[in-house]
Structures are given as structure tokens and as C-alpha cells.
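Colleague: Any chance you could fold what I've pasted below:
(one chain, ligands or ions: 1)
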Amino acid sequence: KKLAVFVSGSGSNLQAIIDAIKNGEICAQISCVISNKKDAYALERARQNRIEAYYISKKDFPNEIEYEKYLVNFLKSREIDYIILAGFLYIFSEYFVEEFKNRIVNIHPSLLPAFGGKGMYGLNVHKSVIEYGVKVTGATVHFVDSTTDGGPIILQKAIYVRDDDTPESLQKRVLEEVEWKIYPVAIKLLCEDKIEVIGRKVIIKDKEI
Ligand code: GRF
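Modeller: The predicted model follows:
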């Protein structure tokens, strides 16, 4: 299967996916990495791994729809099977989402539907988790629909929040203990056609999970 990975930041999840492909866990290839931030370290990671890396920003287009049309053509001409959002700071419109229905996935650093939606990204999520006082947090891999963080859930994994956690310490633990583990697993399942979507419900056809 051919993947396109969209990024805006450090790309540690991209790295986890690259590693899982290299060690044979995921049977797929990353055809391209696309960033909407010029200086995203993720672009550097892609180049280091000889993956085509592109900076394509909405800024260079007259409006959102022209930007998304360009991306749709770009992805279709490369015959991309799945679009993997890995820290991509942009909300796609209904047009884009419909073009790739059930073929776009995202990872969010909380147990959705808690601590999701507009403004909930990066450290904000972990800060809100600590301020609310919840005892467990984690991450969610989900399909992307036109609602922010609202698409059908594929995988979730929880960890405990500690009394002395800071947003930074929690972000680190959620990344290392949850995100880098569950995202490659979800992508593996997707590439092996082991995921079925029935309305809001995602059925995983794998005995191991
Ligand atoms: C991750 O926390 C992910 O859940 C969120 O954005 C962050 C990206 O981190 N969507 P990285 O760029 O993969 O290191």
C-alpha cells in the first residue's frame, strides 16, 4: 500500500512509522511526506530516509479549496492508498475528506472524545488533562471526517496521569508509551485490510488485538 504522511512538526510519529516499515512490521511504502511548515523537522527526517518530502502550504494558494484541490490531484496522481496525519496542523474541509473517505487517519494525544476539538493540540491537550484532574489519559487513532477529532475510533490506549506530571512530562509519556506504539499498529491493520467501518463503529478483524 502507498502512504502519504502529513506533518507540521517534529515528526516523531513519522519516525515510528518509518521504523515499523523498515523492520517489516508494516507492509507499505511512504510515497511522500507533506508539510505545511517549511522548517518542520519531520521534512528532515523524511529526507534522511530518502523519502520524497514536500512543503505545500495554504499560504501559496488563493484559498482553502484551491489548496485542497491541488493536494487531491497530487495524491491521486501518486495513487496514494492512505493519508496518515501525524501532527498536521490543518483542518480539512468536507470536500477533501469525501475524496478520501475512510482513507485518512489521524492520531490525537488524548482519549477521545475527551480533550479533543478546536484548540486541542500540542501541549494544550496535556495541560487541560492535568487541570481537569482526570486520572487516565492516552491517545486515539481515528478516521478523519469533517468534524475535528470526531471520526470513527480505530485504536486507543491509556496510561495513568501522575500527581507530579507537568504538561511536558505527560506529553513525553503519551508519545513514547502510547503514540509511537499504537499508530504503527493501526497502520499495519489498515494496510492489511483488517479494518471495517460500520457507521461509527470500527471492527478490527485480527485475533491479536
Ligand atoms: C502528536 O502528539 C500527535 O498526537 C499530535 O501531534 C503530535 C505530533 O508529534 N496530532 P510528532 O510531530 O509526531 O512528534
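Colleague: Buried residues in the longest helix along the chain, which are they?
Modeller: When the chain is parsed with DSSP state H, its longest helix is helix 64-77. Neighbour-count burial for helix 64-77, counted by 16 or more other Cβ atoms under 10 Å, picks out Y67, E68, L71, L75. Bear in mind the C-beta positions are built from the backbone N, C-alpha and C, glycine included.
Colleague: pLDDT of it, averaged?
Modeller: Helix 64-77 shows a mean pLDDT of 98.
Colleague: Would you pull up how far that helix lies from the middle of the chain?
Modeller: 19 Å (Cα atoms, centre = their mean, to the nearest Å).
Colleague: Repeat that for stretch 21-37.
Modeller: Stretch 21-37 sits 12 Å away from the centroid of its parent chain (Cα atoms, centre = their mean).
Colleague: And the ligand, is it touching that?
Modeller: No: using Cβ under 6 Å from any ligand atom, stretch 21-37 stays clear of the ligand, coming no nearer than 10.0 Å.
Colleague: Now do the helices in this structure.
Modeller: Listed in chain order, the helices found in the chain under DSSP H are 12-22, 41-48, 64-77, 94-99, 123-132, 167-173, 180-191.
Colleague: What residues does the chain have near the ligand?
Modeller: So far as Cβ under 6 Å from any ligand atom goes, the chain lies against the ligand at 7, 9-13, 42, 86-87, 107-109, 139, 175, 179.
Colleague: follow-up on the earlier one: export the helices of the chain to TSV and tack on distance to I203?
Modeller: Formatted as TSV, these follow (distance: least, Cβ to Cβ, whole Å):
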stretch	distance to I203
helix 12-22	22
helix 41-48	31
helix 64-77	26
helix 94-99	21
helix 123-132	27
helix 167-173	29
helix 180-191	11
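Colleague: The residue of the chain found nearest the ligand: neighbouring residues, count only.
Modeller: Using Cβ to the nearest ligand atom, G87 is the residue of the chain that sits closest to the ligand, at 2.6 Å. Residues lying near G87 (other Cβ atoms under 10 Å) number 24.
Colleague: And for K38?
Modeller: 9.
Colleague: Now do the contacts for it.
Modeller: Neighbouring residues of K38 by Cβ atoms under 8 Å, 6 or more residues apart in numbering: Y55, S57.
Colleague: What separation is there between it and E94?
Modeller: 28 Å (Cβ to Cβ, to the nearest Å).
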